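S.K.: Using only what follows, build the 3D model:
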Amino acid sequence: MLRIWSGVVAAAWMAGVVACSAGGAGGGGEEGFGAAGGASGAGGASGAGAGAGAGAQPGGGASGTGGGGGAPIVVDAGSDAEAQGCSKVDFLFVIDSSVSMQEEQAALTAAFPRFMQSITQATTVGDFQVMVVDTDAESRCTASACAARPHATCTPHACTNVATGCDATLGAGVVHPRGAGSSERDCGFVGGHRYLTAAQPNLGEAFACAATVGLAGAAAERPMDALVAAVSPALNAPAGCNAGFLRSDAVLVVTFISDDGNFEDTGTPQQWYDAVVAAKRGNAEAVVVLGLFQGGALPNPTKQRHWYEFVQRWGARGLRGSVAEPDYTPFFDSAIGVIADTCERFEPPQ
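M.R.: Numbers count the residues shown, from 1 in each chain. Next comes the predicted model:
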């Protein structure tokens with residue numbers, strides 16, 4: 001059974017993760033997380049959650065079983081687990097920042113501590129990076145908008161602290177959310193990065209600060225555009241906004257969350273897939289994609305087919321769930337086995 005590294009790093013991460021237990025419930029919806037037939041997890045590993053929550057709908061036919069509350073998930077990864085495996089994971093959260101997303105952002109921050117604790121207990125990973133990006137660039141609260149007739153979501157804080165530079169760049173890590181429903185403060189990331197690292201003393205609190213991106217984003221949500229930008233060579237260059245986040249010797253876990261019912265992104269599912277694979281130097285096996293969107297838990301959704309098709313391209317390493325669920329814990333529980341299996345099989349570039 002894969003267990004965690006040495007005590008010092010583990011203690012720092014667990015203290016920060018468990019410290020934050022932000023509550024909140026996502027909006028109710030017509031479908032649950034779904035239940036898919038077939039083997040659980042991916043490639044033999046499975047994630048079993050406590051409780052009665054259903055597993056996520058997978059991209060390639062496999063599913064885990066989720067559950068709300070209870071102890072973190074621990075995965076049996078097999079007898080050869082010590083021979084292989086990753087020691088690093090980069091977590092990228094792409095979060096819809098439009099006016100309807102307050103409950104969904106709260107549900108995400110509430111589920112995060114258990115998710116991270118389960119990851120650390122189910123894998124050999126000892127080096128995490130966690131970055132949040134939103135689905136807009138400058139938001140509704142631009143300098144010109146604030147000087148004229150600002151949108152109702154443009155608070156005094158947003159208009160006196162107008163985003164510039166990386167703060168106003170689509171795909172750049174969020175460090176200071178602005179506008180109604182957001183944390184409206186600098187989140188205090190250590191190290192001067194636009195992402196959290198294992199050195200963050202208050203991980204759960206800092207993540208909740210960044211992930212509460214607020215409601216001042218444009219109505220045209222573009223999570224795929226934000227994802228492609230976040231992993232682009234420009235933003236990950238030494239002088240780029242996200243410099244140092246994307247590591248060639250780490251597994252990349254992408255989570256995107258949106259309740260948009262339209263097709264606002266540019267490009268196609270294949271182009272988005274290709275961009276992410278290129279960012280991982282052609283190694284699609286080093287990527288896990290988790291999507292929470294309208295109809296995401298349905299076997300063959302009619303809404304948001306573009307996001308459904310994107311997740312499907314990742315096979316067993318792609319999981320889908322409903323953004324309308326009030327509790328995201330079962331969905332993230334169902335991903336633990338997939339992430340653990342991906343990590344176990346990962347071979348860092350030489």
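S.K.: Quick one: the helices in the stretch 201-350 of the chain, in order.
M.R.: Secondary structure of the stretch 201-350 of the chain (DSSP state H, counting those that start in this stretch): helices located at 203-211, 223-230, 233-236, 269-279, 305-312, 329-345.
S.K.: For this structure, which residues score under the pLDDT cut-off?
M.R.: 1-85 (pLDDT under 70).
S.K.: swap the cut-off to 90 and go again
M.R.: Across the chain, the ranges flagged by pLDDT under 90 are 1-87, 120-126, 136-139, 149, 218-220, 261-262, 301-303, 348-350.
S.K.: Regarding it, what is its longest helix?
M.R.: helix 102-122 (DSSP state H).
S.K.: Find the nearest non-adjacent residue to I257, please.
M.R.: Nearest residue to I257 in three dimensions, chain neighbours excluded: L292, at 4.5 Å (C-beta to C-beta, 6 or more residues apart in numbering). Every residue, glycine included, has its C-beta placed from N, CA and C.
S.K.: Which residues does that neighbour form beta bridges with?
M.R.: I257, G321 (DSSP bridges).
S.K.: hang on, isn't it packed against F332?
M.R.: No. Using C-beta atoms under 8 Å, L292 is not in contact with F332; the gap is 9.7 Å.
S.K.: Burial check on P233, number of neighbours?
M.R.: 10 (other C-beta atoms under 10 Å).
S.K.: can you check K280 too?
M.R.: Count around K280 with other C-beta under 10 Å applied: 20.
S.K.: before we move on, what about F263?
M.R.: Neighbours of F263 using other C-beta under 10 Å come to 12.
S.K.: Please apply the same query to A234.
M.R.: 12.
S.K.: what residues are up against it?
M.R.: G240 (C-beta atoms under 8 Å, 6 or more residues apart in numbering).
S.K.: tell me the contacts of A206?
M.R.: A206 touches G16, C187, G188, F189, L196, Q200, counting by C-beta under 8 Å, 6+ apart.
S.K.: cool, and G261?
M.R.: Q294, K303, Q304.
S.K.: and the nearest residue to Q102 once chain neighbours are set aside, how many residues sit next to it?
M.R.: In this structure, Q102 finds its nearest non-sequential neighbour in G181, 4.9 Å apart by C-beta to C-beta, 6+ apart. Neighbour count of G181, defined by other C-beta under 10 Å: 20.
S.K.: circling back: nearest to A250, out of the helices of the stretch 201-350 of the chain?
M.R.: helix 329-345 (9.6 Å; C-beta to C-beta).
S.K.: what helices or strands is the closest one leaning on?
M.R.: Counting contacts by 3 or more C-beta pairs under 8 Å, 6 or more residues apart in numbering; DSSP states H and E, helix 329-345 is packed against helix 102-122, strand 251-257, strand 287-293, strand 318-322.
S.K.: hey, which of the ones you listed is tucked in deepest?
M.R.: Highest mean neighbour count of these: strand 318-322, a mean of 29 (counted as mean count of other C-beta atoms under 10 Å).
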